[in-house]
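Student: Structural data only, the sequence is not supplied:
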């Protein structure tokens with residue numbers, strides 16, 4: 001199972017590497033640098049870029065969405081059935097699955113637009129610098145936005161960040177007395193968001 005995504009990715013990228021339908025060329029327009037896809041001369045494959053993005057983006061994210069939605073809905077259903085008797089572990093699982101689902105939605109919102117515009121309006125995409133820069137920024141903003149989503153949707157993440165910032169290791173580091181960082185332990189108290197630190 002671990003090798004399956006790697007094998008699929010290798011198969012998908014064989015075609016542009018071998019210049020079948022698509023090829024990778026230097027992106028020299030507007031002096032932006034980097035590389036981009038271009039159609040190979042006299043290609044007979046209809047909409048090769050759309051086929052490439054379907055195999056590399058749309059189908060994988062479809063299955064990702066099914067997995068995230070299944071875990072989120074199942075966990076939510078268990079919490080509703082158990083009500084106040086729901087365990088701390090179950091509530092944490094719901095919070096984590098909700099956070100990951102929101103992150104998944106942002107992934108789709110950030111990578112779909114540039115692929116759709118490049119597939120169905122490639123001429124305008126190549127000619128409109130503002131549109132190109134915005135879509136490229138959007139597609140690369142996924143990683144930097146993740147911490148914001150984690151912070152706004154997860155109390156456990158907020159508690160962990162707050163506790164780390166208060167760790168005595170940072171205080172000793174500022175004094176020049178460098179020691180091993182403290183280790184994280186999850187409290188068994190009723191508060192599921194409480195984290196404590198202990199020295200090695």
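Tutor: Looks like it arrived, so ask away. What you see is a predicted model, and the numbers here were worked out from it, not measured in a lab.

Student: by contact count, what packs against the lengthiest helix in the chain?
Tutor: Longest helix in the chain by number of residues (criterion: DSSP state H): helix 88-120. If contacts are counted by 3 or more C-beta pairs under 8 Å, 6 or more residues apart in numbering; DSSP states H and E, helix 88-120 sits against helix 48-53, helix 59-82, helix 122-127, helix 129-140, helix 142-153, helix 155-165. Any C-beta I mention is one placed from the backbone N, CA and C, and that applies to glycine too.

Student: ok now the first one, how far from the chain's centre?
Tutor: Helix 48-53 sits 21 Å away from the centroid of its parent chain (C-alpha atoms, centre = their mean, to the nearest Å).

Student: Just the residues contacting it, thanks.
Tutor: 12, 15-16, 21-22, 37, 39, 45, 115, 118-120, 122 (C-beta atoms under 8 Å, 6 or more residues apart in numbering).

Student: Now flag whichever of these is closest to residue 60.
Tutor: residue 12 (9.9 Å; C-beta to C-beta).

Student: After the helix or strand that contains that closest one, which helix or strand is next? Please name it.
Tutor: Assigned by DSSP states H and E, residue 12 belongs to helix 3-17. Next along the chain after helix 3-17, taking DSSP H and E as the criterion, comes strand 22-26.

Student: Kindly point out the strands partnered with that following strand and how each is oriented relative to it.
Tutor: strand 35-39 (antiparallel) (DSSP bridges).

Student: pLDDT on the strand it pairs with, on average?
Tutor: The pLDDT scores in strand 35-39 average 70.

Student: and if you look at stretch 134-153?
Tutor: pLDDT averaged over stretch 134-153 gives 84.

Student: which of the residues in it are buried?
Tutor: Neighbour-count burial for stretch 134-153 flags 135, 138, 146, 149, 150, 153 (criterion: 16 or more other C-beta atoms under 10 Å).

Student: Could you tell me the per-residue confidence at the residue nearest to the second one when sequence neighbours are not counted?
Tutor: Once its chain neighbours are removed from consideration, residue 138 has its nearest residue in residue 110; the separation is 5.2 Å (C-beta to C-beta, 6 or more residues apart in numbering). The predicted local confidence for residue 110 comes out at a pLDDT of 91.

Student: Now do the contacts for residue 110.
Tutor: Contacts of residue 110 (C-beta under 8 Å, 6+ apart): 138, 139, 141, 142, 145.

Student: Near the nearest residue to residue 132 once chain neighbours are set aside, how many other residues are there?
Tutor: Ranked by C-beta to C-beta, 6+ apart and with sequence neighbours excluded, the top spatial neighbour of residue 132 is residue 125, at 6.0 Å. Counted with other C-beta atoms under 10 Å, residues neighbouring residue 125 total 17.
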